[in-house]
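> Any chance you could fold what I've pasted below:
(chains A and B)
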Amino acid sequence: MKVNFNRAALAQALGLLNSVVPPRTPKPILRCVLISAADKEVRICGTDLEAGINYIIPEVQVEQEGEVVVPADRLLAIVRESQDEILAMEAEEGACKIVGADSHFTIYGHDPKQFPKVPGFEGDGDLEVTIGKLQAAIEQVLFATAKESTRYALNGVMWEVEGKKLSLVATDGRRLAKCRINLKQAPSETFAETNLIIPAKTMSLLDKVGATDKESVFVKLIDNQISIKCGDVVISSNLVEGKFPKYQEIIPVDNDKKITLATDIALSAVRRASLLTSEESRGIKLSVNEDKLVLSSRAPETGDAEVDLQIDYKGKPIDIGFNPQYLIDVIRVINAPEFDILLGEPDRPGMIKVGQDFMYVLMPINLG
Amino acid sequence: MATQRSIIHIDMDAFYASVEQRDNPKLKDKPVVVGGSAQKRGVVSAASYMARRFGVHSAMPMSKALRLCPDAVVLPVDMNKYSRVSKQIREIFARYTPEIEPISLDEAFLDVTGSVNLFGSAEKIGRQIKADIKQATLLTASVGIAPNKFLAKLASDLEKPDGFVVVTEQNKKQILDSLGVGKLWGVGKVTQRKLEKFGIRTIKQLRQTDRSHLVQLLGESAAQTLAELARGVDERAVEPHRPAKSVSGEYTFGEDIDDVDVLLKTLRQQVEEVAVRLRKDDLKAATVSIKLRYANFKTLTRSKTLPQPTNTTSILCEAALAAFEKWKAEAFGALRLIGFEASGLTKKVPRQLMLFEQTPDRNQSKLDEAIDNIRRRFGKDSLRRDL
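Next comes the predicted model:
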């Protein structure tokens, strides 16, 4: 194999690949990427056996076809540190030479035949959505997924299709985020029928794909796999097995205490009110009274904090505790100047809404 | 340390037995044993000094005590009476210092560092307290005075009964040198045997043992603690409001029981009793343990950590039963005692509620609250769970 790469384009590809390559694995070959040059096209593939990326690298010049498997982190470091506009890569007998204007590297690789197959994208997609909308939705729900829960379904994001609407739903059992996107057209039936839970890692890969906002993402399902194509990048992934909780049942319908807050003011207020919380007393209290919202916290070892906000409120007063991080997480991703908080009882879930398409349900902390 | 502390340890002599002897002069000079009866397989709670001469000591099965000392006068435990006397004694302590750490009804640490300007030296305070106790209760106490808790407790034990020993920085080495390692805090039978196997019998020998050798034998932290104690160093403070570390209950059967239903029923009763006490004190437990004592007195404990601290009966019960099932599968045998302990206690932890599983917990706590209220109003036996 002999290929000339545009260094910047190769660096971008490797940057994304590096997110899928597992940092620790009993199989050393998984810490590598497969680069295969055929005809005029060069693909770069990486996988952790759960998710994989199959990436067509733009701006290449193939001088000789062939394949090579090299450690991703080493290759990325070389490509990032180099100053050249063009880098030449030449592979022979398991070694890979990278040549710049004043440099020459030889990396020892693995046997390309041993590298697991990372699927590309054949044919048409069953669902189409613009990448800008999808990435915005991912950012609004991904933080609410569980980290390493034994309830595997909570470690993923559920895709729920209803007519021409796609909803992404994520929950860790304490809070739930749901974001709805309009589709150009209703996808094929299989989408509505399949229990579609996509691992958080796959979702974050998708969020990292560089593209212009209007570019289309095509999605299709094959057996227990999902394949997502955006431009020259194909992400394939296993689906998460397991049942997503019946979340509709916990969405509050009669939360009658509604306040509207400016996003930036609310974020600053929650942050400040939580500055003195500690691991043991991590709750902050929201006290809603007539035209006034007081955010306060108290930690026995540290001290206490209080932030007062003017609001427009005439309803019944309520005191309710929340984990401030769970509020910060959501307020940070709200892309609107203001949002609504709807509360019911101090031991029942509170809700945050932005327009019709974003909803966040948050279980309170029992302040005792 | 900034200032030299003055700690007094006061230990009533054969407390329960002495109270009984005081209240019934006929028992004076007789071997008196307080505890559960031999027929009910009780154990000795306290033995008079006369009874101790026959080898009787507390925690010994009553049947064995009677074999050793057939003429012993056995009396039931009258906790109310001992509590009253204990209260009298604590009132005496409080005259001299607010820094009182009660260990049990008949034992306490006092920090009198701040009291010497008012009442004179620690020794003088110690003598005064001893005299006050004698005058108010006609009972004798052994008193130990030292710069720290470990030495104070050691001192009160040296000349028991009616002892009075002062340990100072000057004489502590001499006193420690002659004592066996078993006198060190935290050295039980197992550690003692381990140390003796390597020729470490006295505190002096332990102090002279190479540090790395000790670490090898006992591990880093135990070696550190014991080396300090052997030098007479102990920086633990007298803690007047020492929070409870655990709440427990146990039950000794009249005969050894291998009927799983009976064992489970008894365990559930213990859980319920402990849960009520937790809720009364507004405490939640992070860990539960069950205690299982076989006919031959071999005792096992099995613990389980809860996902969230709780005081809900049903959740504690579920964890206890899980531990029980595990024991049943691994080491089942007839038991003479079964017990339940809740530990890792915390007060009013702000608790994150859960979206999908809050309902049973919430209902259960409300149920517990209702049951506790009814019992408070109408008596402990007014309402029972169907166990």
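> C-alpha from now on. contacts and neighbour counts both.
Will do.
> Chain neighbours aside, what residue packs nearest to residue A:340?
residue A:260 (4.4 Å; Cα to Cα, 6 or more residues apart in numbering or on different chains).
> repeat for residue B:202
Nearest residue to residue B:202, sequence neighbours excluded (Cα to Cα, 6+ apart): residue B:180, at 4.1 Å.
> Now do the contacts for the one you found.
The contact partners of residue B:180, by Cα atoms under 8 Å, 6 or more residues apart in numbering or on different chains, come to B:201, B:202, B:203.
> any idea how far the last one lies from residue B:172?
Remark: distance between residue B:203 and residue B:172 (Cα to Cα, to the nearest Å) = 12 Å.
> Show me how far the helix or strand bottoming out on mean pLDDT in chain A is from its chain's centre.
Ranking every helix and strand in chain A by mean pLDDT, DSSP states H and E puts helix A:189-193 at the bottom, with a mean of 81. Averaging C-alpha positions (Cα atoms, centre = their mean, to the nearest Å) puts helix A:189-193 23 Å from its chain's average.
> repeat for stretch B:30-49
18 Å.
> For that stretch, measure first residue to last.
9 Å.
> Report the buried residues of that stretch.
B:30-38, B:41-49 (16 or more other Cα atoms under 10 Å in any protein chain shown).
> repeat for stretch A:344-363
Here stretch A:344-363 shows A:344, A:346-354, A:358-363 as buried, counting by 16+ other Cα under 10 Å.
> same check, this time on stretch A:144-163
A:144-146, A:152-161.
> Of those, which belong to strands?
A:156, A:157, A:158, A:159, A:160, A:161 (DSSP state E).
> would you list those in a markdown table and tack on distance to chain B and pLDDT?
Shown next, in a markdown table, are these (distance: Cα to the nearest Cα, whole Å; pLDDT from 0 to 100):
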| residue | distance to chain B | pLDDT |
| --- | --- | --- |
| A:156 | 16 | 95 |
| A:157 | 17 | 97 |
| A:158 | 16 | 96 |
| A:159 | 19 | 95 |
| A:160 | 19 | 93 |
| A:161 | 23 | 92 |
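> Any idea which residue of the stretch 151-300 of chain B lies closest to chain A?
The minimum distance from the stretch 151-300 of chain B to chain A, using Cα to the nearest Cα, falls at residue B:282 (9.6 Å).
> Show me where the stretch 1-150 of chain A has its helices.
A:7-20, A:72-81, A:131-141 (DSSP state H, counting those that start in this stretch).
> In helices, which of the buried residues of stretch B:30-49 appear?
If you go by DSSP state H, the buried residues of stretch B:30-49 have residue B:49 in helices.
> Low-confidence ranges, the stretch 151-300 of chain B, go.
For the stretch 151-300 of chain B, residues meeting the criterion pLDDT under 70 lie at B:242-243.
> And for residue B:9, the neighbour number?
For residue B:9, the count of nearby residues is 30 (other Cα atoms under 10 Å in any protein chain shown).
> Confirm that residue B:64 sits in a helix.
Yes: using DSSP: H, G, I helix; E, B strand; the rest coil, the assignment for residue B:64 is a helix.
> And the residue of the stretch 51-200 of chain B closest to chain A?
Using Cα to the nearest Cα, the single residue of the stretch 51-200 of chain B nearest to chain A is residue B:99, 22.1 Å away.
> and that residue, what does it touch?
Counting by Cα under 8 Å, 6+ apart, residue B:99 makes contact with B:110, B:111, B:112, B:238, B:239, B:240.
> Could you dump those residues into JSON lines and include secondary structure?
Below are those laid out as JSON lines (three-state DSSP):
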{"residue": "B:110", "secondary structure": "strand"}
{"residue": "B:111", "secondary structure": "strand"}
{"residue": "B:112", "secondary structure": "coil"}
{"residue": "B:238", "secondary structure": "coil"}
{"residue": "B:239", "secondary structure": "coil"}
{"residue": "B:240", "secondary structure": "coil"}
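> Go through those residues and say which is closest to residue B:68.
Nearest to residue B:68 among those is residue B:110, at 36.7 Å by Cα to Cα.
> ok, now how distant is the residue nearest to the spatial centre of chain A from chain B?
With distances taken as Cα atoms, centre = their mean, the residue of chain A nearest its centroid is residue A:204 (2.8 Å). Distance, residue A:204 to chain B, using Cα to the nearest Cα, to the nearest Å: 24 Å.
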